[in-house]
Every structure is written in C-alpha cells, then in structure tokens.
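1. Take a look and give me a structure for this.
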Amino acid sequence: MKSLLAAAALALSAVPAAALACDGAGEKQVSRAPWQPVTVDALATRLEKKAVTVFDANHEDFRAKNGVLPGAKLLSSSSSYDVEKELPAQKDTALVFYCANEKCTASHKAAERAAAAGFKEVSVLTVGFKGWKAAGKPTESLPRS
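-> Next comes the predicted model:
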C-alpha cells in the first residue's frame with residue numbers, strides 16, 4: 001500500500017500544479033502559448049517609450065465601472081474581434097492584451113488570435129487591470145475623447 005501511495009505521489013509531482021486546476025488536466029501540452037507574459041513595470045516602461053500598443057479585452061460593463069489603461073484600444077470582443085479592423089496593419093507592431101485579473105482569460109484568447117493572424121510580438125499583462133491598478137499605475141475613465 002505504501003509503494004502504491006508513493007507511486008501515485010510521484011506521478012502527480014510530474015504534473016504541473018496549474019494543469020490540475022483546469023479542464024485540460026491530464027491532456028498532453030503540444031505547444032506553449034503563442035504570447036509572452038509581461039509585468040506591470042515592464043509594460044509601464046514600454047508605454048512611456050511608446051513602444052507598444054495595448055488592447056483592453058474586457059467587457060463594456062467592466063470598462064465602464066473600472067476604466068482602462070491609458071491609451072488602451074478597446075476590443076469589440078476577446079474571441080471574435082475583427083483582426084483586420086481592430087489590430088494594426090503592421091505585423092511587427094508590439095501588442096499587449098489585458099483583461100480584468102489573473103483569473104480572467106479573455107486577454108489570453110485575444111492574444112492567441114493576434115498571434116494566429118501573424119503578429120510576432122504578442123504579450124499578455126497576466127495580472128490584468130486589477131493588478132495594474134493595485135500597483136498604483138494610472139487608469140482612464142470612459143468615455144474618452
């Protein structure tokens with residue numbers, strides 16, 4: 001019995017903890033995400049240098065209640081936005097997507113869509129709007145001019 005428990009513990013230790021918390025637990029990961037995570041400080045620096053275009057993947061209600069990151073472009077939908085109309089024409093433009101917080105995956109879906117459309121530098125602010133705000137960074141209210 002001890003050896004059976006030890007074998008089970010060993011098998012589970014080989015599975016990343018994050019995999020056990022999602023619907024895909026146990027599925028083989030073929031490739032990693034087509035985007036890179038970005039920290040609040042790294043994004044703030046890139047925004048100051050105007051070296052990135054930021055996209056808000058939140059729902060309209062969230063934006064109206066909480067605001068957006070300064071200069072963020074508002075996506076019509078995280079999963080079905082019009083790539084040709086809503087993203088820059090230049091595929092080498094650095095893009096960062098964000099949504100509400102670490103539990104929200106709308107930004108991940110939006111970033112995957114951009115990467116699939118051929119954008120080379122795609123990132124996600126994984127802590128989202130709430131993490132940005134908690135770090136004391138500025139936000140904007142809607143509507144904007």
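
2. Below-threshold pLDDT in this structure: ranges please.
-> Within the chain, the stretches with pLDDT under 70 are 1-31, 144-145.

3. Strands of that one, start to end?
-> Ranges of strands in the chain, per DSSP state E, are 36-37, 53-56, 73-74, 95-98, 122-124.

4. out of those strands, which comes closest to A134?
-> For A134, the closest of the strands of the chain is strand 95-98, at 13.1 Å, according to C-beta to C-beta. C-beta here means a position set from N, CA and C on the backbone, and glycine is covered the same way.

5. For the closest one, give me every contacting residue.
-> With C-beta atoms under 8 Å, 6 or more residues apart in numbering as the test, strand 95-98 has contacts from 35, 38, 43, 46, 52-58, 69, 72, 75, 87-88, 107-108, 110-111, 114, 119, 121-125, 128-129, 132.

6. Now restrict these to buried residues only.
-> 35, 38, 43, 46, 52-58, 69, 72, 75, 87, 107-108, 110-111, 114, 119, 121-125, 128-129, 132 (16 or more other C-beta atoms under 10 Å).

7. Make a markdown table from the strands of the chain and add distance to T139 to it.
-> Output for the strands of the chain, formatted as a markdown table (distance: least, C-beta to C-beta, whole Å):
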| stretch | distance to T139 |
| --- | --- |
| strand 36-37 | 20 |
| strand 53-56 | 11 |
| strand 73-74 | 14 |
| strand 95-98 | 11 |
| strand 122-124 | 18 |
